[in-house]
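Chemist: Fold the following for me, if possible:
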Amino acid sequence: MQPSNRASDQRAEAGVTLLEMVIALAISAIVSGALVTAVFQYASIIRAQQDALVLNQQTQSAAAVLNRDLVGADPDAVTISESGDELTVQIPAYSFGSAGDPVTTTISYQLSDSTIVRTMDGDALTVARHVQALSFQHITSTITVDWTAQIRDRTRSASLTVYLRQSE
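Modeler: Numbering: from 1, shown residues only. This next block holds a predicted model:
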């Protein structure tokens, strides 16, 4: 009788029971769920960081272009629209050693379809995208530019004050 007990013991330990299989599946489902959640959270964090980076780059490049143009603007030739969202400036360019009148370039900035557009001699240049609000103020020898940009749920506001050259 001893040999038959051994044979039944071996058969009982030879396979995996249904209960063991269900427990293994439950554990793998919990681990997989946690992993998927972590991946989605990581992707969300990366997307938010990219949005913040884009907004910062847009703000810096817009500030650089505006500053470059506005520093040389003639304070007497600055025009701001009634709504305050369009700016036109004239920038005199003096030739070295020239006694004649300067060549004047007219540049305008405006908000068009959430984009700040710079127009000079009929050529349009995109200065910043994702802009929700833009306003200009001209007070004596300064021009202040305020804008708000937004991507998804990230918002960045910026203000730039440029001191104009003094009239001669």
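Chemist: Which parts of this structure are helices?
Modeler: For the chain, helices defined by DSSP state H occupy the ranges 2-13, 18-71.
Chemist: I'd assumed P92 was in contact with D74.
Modeler: Yes - if you go by Cβ atoms under 8 Å, D74 and P92 touch, sitting 5.7 Å apart. In this view, the C-beta of every residue, glycine as well, is placed from N, C-alpha and C.
Chemist: Pipe the helices of the chain into JSON lines and attach distance to T105 and mean neighbour count per row.
Modeler: As requested, the helices of the chain are exported to JSON lines (distance: least, Cβ to Cβ, whole Å; neighbours: other Cβ atoms under 10 Å):
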{"stretch": "helix 2-13", "distance to T105": "90", "mean neighbour count": "8"}
{"stretch": "helix 18-71", "distance to T105": "9", "mean neighbour count": "13"}
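Chemist: hey, least reliable of the ones you listed by pLDDT?
Modeler: Across the helices of the chain, helix 2-13 has the smallest mean pLDDT, namely a mean of 59.
Chemist: what sits against the residue nearest the centre of the chain?
Modeler: With distances taken as Cα atoms, centre = their mean, L55 lies nearest the centre of the chain, 2.4 Å away. Contacts for L55 were tallied using Cβ atoms under 8 Å, 6 or more residues apart in numbering; they are H130, A149, Q150, I151, R154, T155, R156.
Chemist: how about JSON lines for the helices of the chain, with distance to Q110 added?
Modeler: Formatted as JSON lines, these follow (distance: least, Cβ to Cβ, whole Å):
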{"stretch": "helix 2-13", "distance to Q110": "81"}
{"stretch": "helix 18-71", "distance to Q110": "12"}
